[in-house]
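K.L.:
just a sequence and a predicted model for now, questions to come.
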Amino acid sequence: MKRYALGLYEKAMPSVLTWEEKLETAKDAGYDFLEISIDESDEKISRLYMSREELIRLRHTIEAVGLPIETMCLSAHRKYSMGSSEEKRAFYGMEIMERAIGFAEELGIRIIQLAGYDVYYEESTPQTVRRFEENLRRATEMAARSGILLGFETMETEFMNTVGKAMKYVNAMNSPYLNVYPDVGNITNATCRYCIDLGEDIEKGTGRIIAVHLKETRPGVFREVPFGEGHVDFERAIALMWKAGVRRYVVEFWYAGNAGWKEILIQNRSRLGKLLDAEASCTASPALSSVAGFA
């Protein structure tokens, strides 16, 4: 049995592809699962309102292709923030949260990545932070009831750009259903900015990091940096995450309209898979490998 799972972020492929095409493409490129995006666009949010028949068709497609959708990137809260000072907006943010958990139950999604913002398009205040905390507790209870894991993404803003900051809220909720799902590109930028060690920050989340986004960044640039053109030390980051017990990873990058996008999927899978294979090989347990089925 392979000792880790490596998924693909949905937005690495053209949005015009059907679900069948996306799943088949990810499978052909060597990924183990797909991460679905529920961003702030109406098109993505509408997925949470699928009919029973639509959900059944999607489940059948997943089964037919043989590649699961196992994680969700729920970034819709950037627009419909759980801490918003606008009561209607915060209320809709909680409706999105509830529907996302129900959607995850229907499709067998294990992990929902939460955006680590109290608010994004408005000013953060003590009131928005308090509302965020109140709604976060409700969201955590919803997840606990359904057995779905929530994990904070470390973001590009001051509110939650390190594992340490995310752990403040994880510890406050004190639930096994709220954890951290960091982005190595974002925390690389944050630790460089604050002149702190990446390992020290990751260590603060040991035992509570449920998955990791492998994404390239440059100082002050958080999106659409091709792998190998940024400053993230993936070899060290993966080694640190592996030591922290992480065995589930998602390669995050974006389709940019280029003709060779399928080759990029394969190249990125190979680049990061080799680093994960090296960690798995170096830390293989003799006792475990001797058990039937773990050779």
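P.N.:
Here it is on my side, so go on. Nothing here was measured: the structure is a model prediction, and the numbers come from that model. Numbers count the residues shown, from 1 in each chain.
K.L.:
strands along the stretch 101-250 of the chain, start to end?
P.N.:
Secondary structure of the stretch 101-250 of the chain (DSSP state E, counting those that start in this stretch): strands located at 111-115, 149-153, 178-180, 212-214, 248-251.
K.L.:
helix or strand right after the last one?
P.N.:
On the C-terminal side of strand 248-251, the closest following helix or strand by DSSP states H and E is helix 261-282.
K.L.:
please spell out which residues along that following helix are buried.
P.N.:
261, 264-265, 268-269, 272-273, 275-276, 279 (16 or more other CB atoms under 10 Å). (C-beta placed from N, C-alpha, C; glycine too.)
K.L.:
now the residues you listed as a markdown table including pLDDT and distance to residue 179?
P.N.:
As requested, those are arranged in a markdown table below (pLDDT from 0 to 100; distance: CB to CB, whole Å):
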| residue | pLDDT | distance to residue 179 |
| --- | --- | --- |
| 261 | 97 | 32 |
| 264 | 97 | 30 |
| 265 | 98 | 28 |
| 268 | 97 | 25 |
| 269 | 98 | 25 |
| 272 | 98 | 22 |
| 273 | 97 | 24 |
| 275 | 97 | 23 |
| 276 | 98 | 20 |
| 279 | 95 | 21 |
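K.L.:
closest one of those residues to residue 99?
P.N.:
Checking these against residue 99 by CB to CB gives residue 265 as the nearest, at 29.4 Å.
K.L.:
how about that closest one: what's its closest non-neighbour residue?
P.N.:
Spatial nearest neighbour of residue 265, excluding adjacent residues (CB to CB, 6 or more residues apart in numbering): residue 29 at 4.1 Å.
K.L.:
next one: that neighbour relative to residue 159, how far apart?
P.N.:
With distances taken as CB to CB, to the nearest Å, residue 29 is found 34 Å from residue 159.
K.L.:
do I have it right that residue 244 meets residue 202?
P.N.:
Yes. At 5.7 Å, residue 244 counts as touching residue 202 under the criterion of CB atoms under 8 Å.
K.L.:
give the residues shared as contacts by the two.
P.N.:
Common contacts of residue 244 and residue 202 (CB atoms under 8 Å, 6 or more residues apart in numbering): residue 209.
K.L.:
turn the strands of the stretch 101-250 of the chain into JSON lines, including mean neighbour count.
P.N.:
What follows is the strands of the stretch 101-250 of the chain, written out as JSON lines (neighbours: other CB atoms under 10 Å):
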{"stretch": "strand 111-115", "mean neighbour count": "24"}
{"stretch": "strand 149-153", "mean neighbour count": "25"}
{"stretch": "strand 178-180", "mean neighbour count": "27"}
{"stretch": "strand 212-214", "mean neighbour count": "26"}
{"stretch": "strand 248-251", "mean neighbour count": "24"}
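K.L.:
mind putting those into CSV with mean pLDDT and distance to residue 224?
P.N.:
Listed next are those as CSV, based on pLDDT from 0 to 100; distance: least, CB to CB, whole Å:
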stretch, mean pLDDT, distance to residue 224
strand 111-115, 97, 18
strand 149-153, 98, 17
strand 178-180, 98, 24
strand 212-214, 98, 14
strand 248-251, 98, 14
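K.L.:
hey, what's the residue nearest the centre of the chain bridged with?
P.N.:
When CA atoms, centre = their mean is applied to the chain, the residue found nearest the centroid is residue 113 (4.6 Å). Beta-bridge pairing of residue 113 under DSSP bridges involves residue 73, residue 151.
K.L.:
contacting residues around it?
P.N.:
Residue 113 makes contact with 35, 71-74, 151-153, 181, 211, 213 under the criterion CB under 8 Å, 6+ apart.
K.L.:
for those residues, which one is nearest residue 228?
P.N.:
Nearest to residue 228 among the contacts of residue 113 is residue 213, at 16.9 Å by CB to CB.
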